[in-house]
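Visitor: with the input below, show me the fold.
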Amino acid sequence: MATVLNAVLMILAIVAQEVKCQSNLHFVYLPKSVRFSPKLDPIKTSSIADLLSLTLGYSLPKSLDWKSFDSITDVFSLPKACLTVRLVGQHNFEFDGTQDIPIEETQELITQWDVFRQRTEQRFSSENRVILRLDSQEILTNNQIDNKFNILSNDEKLNKGLKRLELQELLSNVDQNDKNIKSLVIELETIYQFLEMVNGIRHKTSSFRDLYWFDVRSFAPILDHNKYDESVRRIARNLLNSLIEKMTQDITQLYSNKVVVTVIEDRYQSPHLIRNVRASEDKDLNLAHVFDPNFHSAFATIAFTTILIAVAVFGISVAMWNIDPGKDSIIYRMTSQRIKKDQ
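Guide: Residues are numbered from 1 along each chain as shown. Predicted coordinates:
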């Protein structure tokens with residue numbers, strides 16, 4: 001009986017852990033022109049880029065595989081920008097007024113950034129778009145603008161961040177030489193640089209669609225580690241909420257409320273899954289050949305051209321075979337036997 005009870009408790013613990021580790025998509029700010037259904041169903045990872053594309057007015061190659069998207073009421077008031085904050089790890093993010101959507105993970109979330117970015121690049125030239133992404137404490141740009149975000153080194157960002165008023169409450173309760181604290185300060189300083197300089201970039205460019213994507217990784221080691229006191233974790237959580245609130249206020253004011261602000265909680269994968277993925281990368285897998293994206297168009301063009309030429313040659317040959325070889329025909333004139341007989 002005790003063995004059965006232990007097994008049941010273990011299963012319940014696993015289920016609870018799975019529920020806790022579920023990723024979520026939070027819409028912190030959404031224009032009134034974009035409407036969702038009152039009941040928000042879970043969304044697949046592969047549909048997140050499609051959903052964000054629809055909010056910006058992009059057409060999709062196929063219909064959205066998420067039934068809770070209602071409509072766009074005013075096509076003349078479409079958002080001009082999308083700000084996405086991807087929280088990597090356990091955060092338990094809570095923000096008032098958000099529309100929360102559970103994510104059914106079918107692939108890595110970062111792949112949705114690539115899809116979203118490519119769609120924007122296909123629709124707007126580099127002069128008419130601003131694309132920024134924060135990754136590994138650096139902001140990567142994909143525009144014809146000066147990249148002034150990464151002028152400071154990490155040591156300079158750390159020294160400047162330690163003096164920021166917003167971080168003083170946290171820094172007064174932790175060891176400032178702690179590795180995780182240093183990473184947090186550097187990452188936050190980079191984000192604050194963005195908030196201070198994005199206004200100047202916006203005024204220098206006549207952009208039609210702007211994308212901002214931030215991979216925030218430094219909060220999770222503090223919020224999900226027992227070596228930090230509960231008071232420190234509470235301060236860090238409040239600091240995260242304040243950061244999201246400041247980013248939302250600045251970006252909505254900059255774009256006159258024509259902006260979409262989302263927060264994606266990307267939970268950690270199972271260590272066993274990560275180990276299996278890494279092990280599979282080292283193996284010589286029997287994978288299919290990767291073809292060029294234009295392969296099907298080239299194949300169809302060459303195939304139909306070849307068939308058309310073959311049919312044309314066959315038709316011409318049959319027609320010439322049935323021509324009457326009179327003295328006024330091309331067959332008579334081009335035949336060598338006719339020349340001998342005339343001589």
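Visitor: tell me which element residue 26 is part of?
Guide: Here residue 26 sits within strand 24-29, counting by DSSP states H and E.
Visitor: elements contacting that strand?
Guide: Other helices and strands packing on strand 24-29, by 3 or more CB pairs under 8 Å, 6 or more residues apart in numbering; DSSP states H and E, are strand 99-104, helix 230-254, strand 259-266. Quick note: C-beta positions are derived from backbone N, CA and C, even for glycine.
Visitor: between those, which gets nearest to residue 24?
Guide: strand 259-266 (4.6 Å; CB to CB).
Visitor: low-scoring stretches of the stretch 1-150 of the chain, by residue?
Guide: Applying pLDDT under 70 to the stretch 1-150 of the chain flags the ranges 1-21, 106-107, 136-150.
Visitor: which parts of it are helices?
Guide: 2-20, 48-55, 110-123 (DSSP state H, counting those that start in this stretch).
Visitor: deepest-packed of the helices and strands packed on strand 24-29, please.
Guide: Highest mean neighbour count of those: strand 259-266, a mean of 24 (counted as mean count of other CB atoms under 10 Å).
Visitor: helices or strands up against that one?
Guide: Strand 259-266 is packed against strand 24-29, helix 48-55, strand 81-88, helix 230-254, with contacts defined by 3+ CB pairs under 8 Å, 6+ apart.
Visitor: got the domain boundaries for the chain?
Guide: Per automatic domain parsing, the domain ranges recorded for the chain read 17-281, 302-342.
Visitor: could the ones you listed go into TSV alongside distance to residue 293?
Guide: Formatted as TSV, these follow (distance: least, CB to CB, whole Å):
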stretch	distance to residue 293
domain 17-281	11
domain 302-342	16
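Visitor: which one of those is the most hemmed in?
Guide: domain 17-281 (a mean of 16).
Visitor: any chance of the helices and strands packed on strand 24-29 in TSV, plus distance to residue 64?
Guide: Below are the helices and strands packed on strand 24-29 laid out as TSV (distance: least, CB to CB, whole Å):
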stretch	distance to residue 64
strand 99-104	13
helix 230-254	24
strand 259-266	15
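Visitor: between these, which one is nearest to residue 62?
Guide: strand 99-104 (18.0 Å).
Visitor: what pairs with the closest one, parallel or antiparallel?
Guide: Sheet pairing of strand 99-104 (DSSP bridges) gives strand 24-29 (antiparallel), strand 43-44 (parallel).
Visitor: so for residue 247, which of those sits nearest?
Guide: Here strand 24-29 is closest among the strands paired with strand 99-104 (CB to CB), at 8.7 Å.
Visitor: what angle do that closest one and helix 48-55 make?
Guide: 20 degrees (axes from the mean of the first three to the mean of the last three CA atoms, to 10 degrees).
Visitor: what sits against the residue nearest to residue 71 when sequence neighbours are not counted?
Guide: Nearest-residue entry for residue 71: residue 35, 5.4 Å, with adjacent residues in sequence omitted and distances by CB to CB, 6 or more residues apart in numbering. Residues in contact with residue 35 (CB atoms under 8 Å, 6 or more residues apart in numbering) are 70-73.
Visitor: of those residues, closest to residue 312?
Guide: Residue 312 lies nearest to residue 72 out of the contacts of residue 35, by CB to CB, at 50.0 Å.
Visitor: picking that back up, who wins for proximity to residue 54 among the helices and strands packed on strand 24-29?
Guide: strand 259-266 (10.2 Å).
Visitor: direction included, what does that closest one pair up with?
Guide: strand 24-29 (antiparallel), strand 81-88 (parallel).
Visitor: export those as TSV, with columns for distance to residue 130.
Guide: Converted to TSV, the strands paired with strand 259-266 look like this (distance: least, CB to CB, whole Å):
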stretch	distance to residue 130
strand 24-29	18
strand 81-88	8
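Visitor: residue 84 touches residue 262, doesn't it?
Guide: Yes. At 4.9 Å, residue 84 and residue 262 qualify as touching, with contact defined as CB atoms under 8 Å.
Visitor: any common contacting residues for the two?
Guide: By CB under 8 Å, 6+ apart, the residues touching both residue 84 and residue 262 are residue 52.
Visitor: for residue 163, find the nearest of the helices and strands packed on strand 24-29.
Guide: Of the helices and strands packed on strand 24-29, nearest to residue 163 by CB to CB is helix 230-254, at 15.7 Å.
Visitor: list the contacts of that closest one.
Guide: Taking CB under 8 Å, 6+ apart as the rule, helix 230-254 contacts 28-29, 81, 83, 85, 87, 91-95, 166-167, 169-170, 173-174, 184, 188, 191, 195, 198-199, 202, 212, 219, 222-223, 228, 259, 261, 263.
Visitor: now swap in stretch 82-90 and tell me
Guide: For stretch 82-90, using CB under 8 Å, 6+ apart, the contacting residues are 20-21, 52, 55-56, 93, 109-110, 113, 116, 210-217, 219-221, 223-224, 240, 244, 247-248, 251, 259-268.
Visitor: rerun that using 6 Å as the cut-off
Guide: 52, 211-217, 220, 224, 251, 260-266, 268 (CB atoms under 6 Å, 6 or more residues apart in numbering).
Visitor: between the contacts of residue 35, which is nearest residue 122?
Guide: Closest approach to residue 122 among those (CB to CB): residue 72, at 20.2 Å.
Visitor: quick one: contacts for that closest one?
Guide: So residue 72 contacts 33-34 (CB under 6 Å, 6+ apart).
Visitor: for residue 243, give its distance to residue 184.
Guide: Separation of residue 243 from residue 184 (CB to CB, to the nearest Å): 11 Å.
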